[in-house]
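Enquirer: mind looking at a prediction? Sequence and model below.
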Amino acid sequence: MAMVSMRQLLDEAAAGGYGVGAFNVNNMEQIQAIMEAARETSSPVIIQASRGARSYTNDRFLYHLMLAAVELYPEIPVALHQDHGNSPETCFSAIDQGFTSVMMDGSLLADHKTPSDFDYNVRVTREVVERAHAVGVTVEGELGTLGGIEDGVGSGEIHLTDPDQAVEFVEATGIDALAVAIGTSHGAYKFTRKPDGAVLAMNLIQEIHEKLPTTHLVMHGSSSVPKDLVDLINQYGGEIRQTWGVPVDEIQLGIRHGVRKINVDTDSRLAITGAIRKAMSEDPGEFDPRSYLKPARAAMQSVIAERMTQFGQAGHAGDYEPRSLADMRDFYAGATA
Ligand SMILES: [Zn+2]
């Protein structure tokens, strides 16, 4: 079995100087697309589930699909991550479900809409770190808030991460990875023009990395929203207005400055939707769901494999032996002793 702790996976990425995509899943086809892309490119992977995904799949369907992935792709290290936990309780239930990593997003209150204050964020994140590390599970925290709203998550306001406060936050909480707000947004509508230094504060990443060289940085809302995927949707009856995502070369710049985890969801959604629209439109007499789900799965695999290559994780699946969570528990106990 190659279920891996996200901490180990990110430590290896830091040692190797590459980034790892964290791809959201809600169903079997998305998990298959990611695992096939990982096999095709020989990549370690992070599969992540939002609260919405966990409720959509009633948790157990998703978890058993994950177990199938681990069983069928023994050569691929897989970290299973809770994306945007809104409260310690959500993170604890993910740990109980068998996730190897959780995000406690205390940048927002438990309603996941209202920005919180620093003390609240430290308190809830610290609470999750204590319980997670005691069982070898990794924790990602967030400081600052992203723009955009997706799956009901987000205040819609952007508050960039303050580098000095980031140091204080990491020291007070003991997190393994820090999600930074640099001007990106969740969803497809990130920027109304090609992003430059005025809208995407890549210099912040550099500054935070210099102050926190051993904390793994996470870029959220980092889909690139390729024009060809948007065009395909619109060509077959969709109505997606012109929009820009985060350019891959900006992500690569981040990876050179400590970014190890890159969250991608929108690109997968666009690939799937375009392929389904095309298949249905080209063969309107067909009603076997496999006739459109197969091309949808293939389209997602193709965009994910491309990202794996661009982020540099390709070729690294066989670099290391995944450590058990019991091993990681001892690692954390040693680190705090
Ligand atoms: Zn996010």
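Expert: All right, it came through fine.

Enquirer: I'd say S222 and T266 touch.
Expert: No: in this structure S222 lies outside contact range of T266 using Cβ atoms under 8 Å: 9.1 Å. C-beta: built from backbone N, CA, C; applies to glycine.

Enquirer: and the closest residue to D111 other than its chain neighbours, how close does it get to V124?
Expert: Sequence neighbours aside, N86 is the residue nearest to D111 in space, at 7.6 Å (criterion: Cβ to Cβ, 6 or more residues apart in numbering). Going from N86 to V124 by Cβ to Cβ, to the nearest Å gives 9 Å.

Enquirer: break down the stretch 51-200 of the chain into its helices, ranges please.
Expert: Along the stretch 51-200 of the chain, the segments classed as helices by DSSP state H, counting those that start in this stretch run 51-56, 60-72, 88-97, 118-133, 163-173.

Enquirer: make a markdown table out of those and add mean pLDDT.
Expert: Output for those, formatted as a markdown table (pLDDT from 0 to 100):
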| stretch | mean pLDDT |
| --- | --- |
| helix 51-56 | 95 |
| helix 60-72 | 94 |
| helix 88-97 | 97 |
| helix 118-133 | 98 |
| helix 163-173 | 97 |
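
Enquirer: which strands and helices sit next to the helix or strand containing A333?
Expert: Element membership for A333, per DSSP states H and E: helix 325-336. Applying 3 or more Cβ pairs under 8 Å, 6 or more residues apart in numbering; DSSP states H and E, one finds that helix 325-336 contacts helix 6-16, helix 118-133.

Enquirer: what packs against the one helix or strand N203 maps to?
Expert: Here N203, judged by DSSP H and E, is contained in helix 202-211. The contact analysis (3+ Cβ pairs under 8 Å, 6+ apart) places helix 202-211 against helix 163-173, strand 177-180, strand 216-219, helix 248-255.

Enquirer: could I get the ones you listed as TSV with distance to L270?
Expert: Putting the helices and strands packed on helix 202-211 into TSV (distance: least, Cβ to Cβ, whole Å) gives the following:
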stretch	distance to L270
helix 163-173	32
strand 177-180	22
strand 216-219	18
helix 248-255	15
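
Enquirer: out of the ones you listed, the one nearest Q32 is which?
Expert: Of all these, helix 248-255 sits nearest to Q32, with 24.0 Å by Cβ to Cβ.

Enquirer: would you mark the buried spots in that closest one?
Expert: For helix 248-255, burial by neighbour count (16 or more other Cβ atoms under 10 Å) applies to V248, E250, I251, Q252, G254, I255.

Enquirer: tell me how far H186 lies from L293.
Expert: Separation of H186 from L293 (Cβ to Cβ): 25 Å.

Enquirer: shaky segments in the stretch 151-300 of the chain?
Expert: 151-153, 156, 198 (pLDDT under 70).

Enquirer: residues contacting the closest residue to D327 other than its chain neighbours?
Expert: Of all residues not flanking D327 in the chain, G136 sits nearest, at 6.9 Å (Cβ to Cβ, 6+ apart). Neighbouring residues of G136 by Cβ atoms under 8 Å, 6 or more residues apart in numbering: S5, T100, S324, L325, A326, D327, M328, R329, D330, F331, Y332.

Enquirer: overlap in contacts of S222 and T266?
Expert: Common contacts of S222 and T266 (Cβ under 8 Å, 6+ apart): G245.
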